[in-house]
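# One predicted model, sequence on top.
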Amino acid sequence: MTPILGANQYGKAESRVVRIVRDTARHEIRDLNVSTSLRGDFAAAHITGDQSQVLPTDTQKNTAFAYAKIHGVDSIEDYAIALGGRLLEATPAADQAQVRVEEYAWDRLGDHSFVRRGGAVHTAVVTVTRAGVHVISGVRDLVVLNSTDSEFKGFLKDEFTTLAEADDRILATSLVARWRHTTAEGVDWAGVDWNASYADALDILLRTFAGTYSRALQETLYAMGTALLESRPDLAEVRFSAPNKHHFLVDFSGFGVGGLTNDGEVFIAADRPYGLIEAEVTRADAPPAGDAWLAVPGFC
Ligand SMILES: O=c1[nH]c(=O)c2[nH]c(=O)[nH]c2[nH]1
């Protein structure tokens with residue numbers, strides 16, 4: 001019996017690449033976490049131990065650092081497209097290079113001083129194939145909260161249901177969202193302003209979260225996805241993973257302090273368990289995703 005080698009990929013995970021642009025006294029910083037994977041015909045490396053077609057993960061890491069200098073990092077999408085293209089070109093046995101990047105934002109304190117911004121992290125997953133490029137942009141750890149305009153009622157009940165219907169509750173999540181850019185013949189990736197596109201997408205998601213009366217987190221996600229696709233014709237689909245960060249009203253009725261009411265004012269923020277609401281919203285005529293989502297962990 002000769003077992004069959006199935007899907008495989010290999011690369012260097014989580015190279016922490018920090019690029020300083022110091023052409024003038026006013027420096028710029030890009031702070032990245034870069035992971036690369038090569039896919040293709042690497043059967044010999046696994047079965048006979050022949051590494052002649054394997055571009056080492058160490059070289060992939062070196063290329064990630066070198067490209068921060070050679071190509072620069074105007075945006076993580078643009079950098080990932082260049083890096084993926086180079087890795088594919090350098091590895092004849094590969095038919096795909098996937099580059100996953102996260103960017104940690106820094107706010108300026110002075111010409112050469114910065115303070116790291118907490119919160120949301122900009123993400124990109126770029127898959128370069130011999131036929132073209134897939135680009136998925138996204139955000140993680142986008143923590144948002146509505147203190148009203150959220151209900152959850154009319155749900156299915158059985159003998160294990162104890163949840164009270166809620167007319168007015170806190171709706172909060174730490175959102176992961178990824179949106180796939182349309183791949184079409186002749187797309188000029190070099191001409192895309194990725195940073196403006198990201199800022200606009202984030203703005204649409206946040207404004208829709210804030211402006212949507214919610215009957216469930218599911219409805220809010222769908223509204224956010226719809227708003228994004230309606231405003232940005234260059235996007236094919238969006239995927240969300242949204243933990244429902246439950247806030248339970250504190251029950252003051254047993255307290256020995258008379259007349260203590262709680263009209264949606266004091267909550268316990270529970271960290272677990274949490275509902276996990278995940279959804280994909282796709283444009284009806286979206287071009288096929290190909291392998292754009294391959295090996296993207298979790299729901300998105
Ligand atoms: O927005 C919600 N969606 C659910 O599916 C759900 N289930 C639950 O217990 N609370 C909530 N809230």
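That came in fine, so what should we check first?

# Which helix or strand contains Ile204?
helix 194-211 (DSSP states H and E).

# Please see if that helix touches the ligand.
No. Looking at helix 194-211 against the ligand by Cβ under 6 Å from any ligand atom, there are no contacts, and the closest approach is 13.0 Å. Yep, even glycine has a C-beta here, placed from its N, CA and C like the rest.

# next helix or strand past that helix?
Going down the chain from helix 194-211, the next helix or strand is helix 217-231, by DSSP H and E.

# And that next one, what does it pack against?
Under the contact criterion of 3 or more Cβ pairs under 8 Å, 6 or more residues apart in numbering; DSSP states H and E, helix 217-231 touches strand 171-181, helix 194-211, strand 235-244, strand 275-282.

# Flag the shaky bits of the stretch 101-250 of the chain, pLDDT-wise.
Scanning the stretch 101-250 of the chain for pLDDT under 70 picks out 184-186.

# The ligand contacts on that one?
By Cβ under 6 Å from any ligand atom, the part of the stretch 101-250 of the chain that sits against the ligand consists of 152, 163, 216-218, 244.

# Neighbour count for those residues - can I get that in TSV?
Converted to TSV, these look like this (neighbours: other Cβ atoms under 10 Å):
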residue	neighbour count
Phe152	20
Leu163	10
Ala216	18
Leu217	23
Gln218	17
Asn244	19
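
# any idea where the helices of the chain begin and end?
Per DSSP state H, the chain carries helices over the ranges 43-47, 57-70, 76-90, 194-211, 217-231.

# Flag every buried residue along the shortest one.
Counting neighbours by 16 or more other Cβ atoms under 10 Å, one finds that the buried residues in helix 43-47 are Ala45.

# residues making contact with it?
5, 8, 50-54 (Cβ atoms under 8 Å, 6 or more residues apart in numbering).

# from these, which would you call buried?
Among these, those classed as buried by 16+ other Cβ under 10 Å are 53-54.

# and of the contacts of helix 43-47, the nearest to Ile170?
Nearest to Ile170 among the contacts of helix 43-47: Asn8, at 44.8 Å, using Cβ to Cβ.

# Was I right to think the closest one contacts Asp41?
No. Using Cβ atoms under 8 Å as the test, Asn8 is too far from Asp41 to be in contact (9.9 Å).

# Quick check: end-to-end length of stretch 282-297?
19 Å (Cα to Cα, to the nearest Å).

# Please consider this matter closed, and thank you.
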